Structures are given as structure tokens and as C-alpha cells.
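Asker: need coordinates for the below:
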Amino acid sequence: MPHAKSLSAHLLGAIAVWIASVSDAHAGEALRLGTGGAAGVYLPEGRAICQRYQETTGKACQALSTGGSIYNAQGVRTGDLDVGIVQSDIQYAALRGEGEFYDSGPSPELRSLFSLHAEAFTVVATPPNIQRFDDLAGHRVNVGNPGSGHRATLSALLDIRGETEGIYDVAAELRPADMTSVMCDGRLDAFFYVVGHPSQAIDEATRRCNAHLVEVAGADVDALLTRAPFYSLTSIPGGTYANTPEDTATFGVRATLITRADVDAQQIYDLVAAVFDHLDTFRQAHPSLSTLSPEAMVTAGLTAPLHPGARRYYEEKGLLPATGQAGK
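Answerer: Now for the predicted structure:
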């Protein structure tokens, strides 16, 4: 019997060590953050978030280059990603199972963390006669790669106008990293891009290809904003890019960070704290982040419920009124 007790104690000890090692391994797994393509703003912003998280917690974080908002929303939903950067309109659609997410259905498990920069629906064109969105019909345009947020925003605008991508002579599906070179080669007249400014891809297009920005305004845009309140009017300041000295009227969304309800509350709290506790440093990571304010970050464009870990931080810092539910 003493031998049996000793064996049992040894076995229990081994199990305890195994459980501890599994927990440590899980805790050591890198936080997976979905961003966007190399030519956009999401990737450098995601890297800045991961850098803040790693430096403040000592834990690993991977800022993964992806196809963009729709890919990230799907990845967060399926568990392939822990967090992802998505446009506010994509967050809205994914939560409710609308638009691109109609077949997959609602995702009530999605949770908001905070918003980032404002993103303008930007049209860049080379032919001088393309000055307004209406002028694009019959031209060779890049509508965007499947799974991208700018493709979805274009679809929303075309839908309100009663049109499809068929109005274009060519509707290419190039990734942002490729569209500028194709335009400069003379094989593309215009491209659409929902992006924070200044954008490297647009700067290159206006300088190398002699392109300019195109106005997107009027009754159709007003109707879209009435139907979809997560959009708002905005403008791109004149002089931001070559060949466009005047402000360019358009509309836009917000870049937002989302996760799932089952992602560890302390991990999310630490991620939010890593950004907000070092916001001055974070703002310097990319020009698109320079005007961020804590007040807007906790409200603007967030249609999914806040994750408990994020809400706990905001309540502790007085950014949101206490509810007594944060972190539960």
C-alpha cells in the first residue's frame, strides 16, 4: 500500500507538471493580429500595436499581412486570428451577417476593442476627364481584391446607385501592392482604395503615374450615409498628394480593432493598456495615427459590444462610466 500511495502521488505530480506546462505553452502563444497588405496602413499600424504589446507585457505578438477587413473579420470569427483590424462598415456587417457575411450568418461573438484612424473612400485616376465618380463608367478600374474592405465599400455605393461592376470596361481585382505599377504601365485608368492618409500607394501613383484624386459626393453618397450610419462625410486635404491642390470631397469609415468574446479578458486588457498607456508613442508610429484621441477611440465606429477586458480598462481610466460588469 505505501508503494501504491507513492505511485499515486508520483502520478498526480506528473499530471500537475503536465497541466502547468500546457498552460505555460498556451500562455506563451503569440497573439495573432490580422492587418492588411504591404502598401496599406493596416500593416504598419498592426506592427505598432504588437510592438507596444510586446514591450509592455514581454509576450509575443504577430502582425500578420492579410487580404484586409473581410479576411480579418472571418479570421477572428473562425479563431484563425485573435484580433483583426477591420473597417467599421465591415464590423457592422460581420456582426449582423449582412452583405459579404450573409451566407455565414451573424457573428454575435464579435467584440470591439477600439478604433484607429479615419479612412476615406479614395478614387485615384490618370485620365484628366475623370473628375467625379460618375466619370468612371466605361473605364478600366481596379475594384480591389476579394476580401478587401474597399471592394465592399465600392459595392455598397454601386448598389445605392442601382449599378454593378459591369459598368466598367475592366474591373480588375488587384491587390493594393500591385495596382500602382499596373496603372503606371498604362493598363489601368483608376483604382479605389479605402485608406488612411497619407498613403504610400497613392503618393506613388500621383507622383509616378501623374494621377489625381477624384471627388465622390452628391445625392447618392447622402443616400448611402442615411442607409448606413457607420459612414460619414470627409475630405482629403489639398496638397496631400501631387496633382490635387484642392480638398477632395468623399466619405469614409473608421479602422477598428475587433476580437471574440472568448479571447482571454486579461490578455485583451493588457493589449488595450499597451496602446493607451503609451498613446503619445503610438501616435508617432505612423502619420495616420497622429490625431488619435482616447475619447474617439473608445466610441467611433464601434458597432459590436466592447470586449470585457477593454471595457474594464476604459472604466478604470474614466473613459467610460462604470457599469460594474467590466471583466466579468
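
Asker: part of a helix, is Leu271?
Answerer: Yes: under DSSP: H, G, I helix; E, B strand; the rest coil, Leu271 sits within a helix.

Asker: now for the nearest residue to it once chain neighbours are set aside, how many residues are close by?
Answerer: The shortest distance from Leu271 to any non-neighbouring residue, by C-beta to C-beta, 6 or more residues apart in numbering, is to Tyr53 (5.3 Å). C-beta: built from backbone N, CA, C; applies to glycine. As a burial measure, Tyr53 scores 24 neighbours (other C-beta atoms under 10 Å).

Asker: was I right to think Tyr53 contacts Ala273?
Answerer: No: counting by C-beta atoms under 8 Å, Tyr53 does not reach Ala273; the two are 9.2 Å apart.

Asker: now stretch 75-88: buried residues?
Answerer: Gly75, Val76, Arg77, Leu81, Asp82, Val83, Gly84, Ile85, Val86, Gln87, Ser88 (16 or more other C-beta atoms under 10 Å).

Asker: in CSV: these, plus secondary structure and distance to Phe230.
Answerer: Formatted as CSV, the buried residues of stretch 75-88 follow (DSSP: H, G, I helix; E, B strand; the rest coil; distance: C-beta to C-beta, whole Å):
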residue, secondary structure, distance to Phe230
Gly75, helix, 21
Val76, helix, 18
Arg77, helix, 19
Leu81, coil, 21
Asp82, coil, 23
Val83, strand, 19
Gly84, strand, 17
Ile85, strand, 15
Val86, strand, 11
Gln87, strand, 9
Ser88, helix, 5
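
Asker: farthest pair in these?
Answerer: In the buried residues of stretch 75-88, two members sit farther apart than any others by C-beta to C-beta. They are Asp82 and Ser88, at 19.8 Å.

Asker: please enumerate the strands of the chain.
Answerer: 31-34, 61-64, 83-87, 110-125, 140-142, 170-172, 190-195, 212-214, 232-236, 248-260 (DSSP state E).

Asker: ranking those by mean pLDDT, which is last?
Answerer: Note on these: strand 232-236 shows the lowest mean pLDDT, a mean of 87.

Asker: which elements pack onto that strand?
Answerer: Judged by 3 or more C-beta pairs under 8 Å, 6 or more residues apart in numbering; DSSP states H and E, the packing partners of strand 232-236 are strand 110-125, helix 219-227, strand 248-260.
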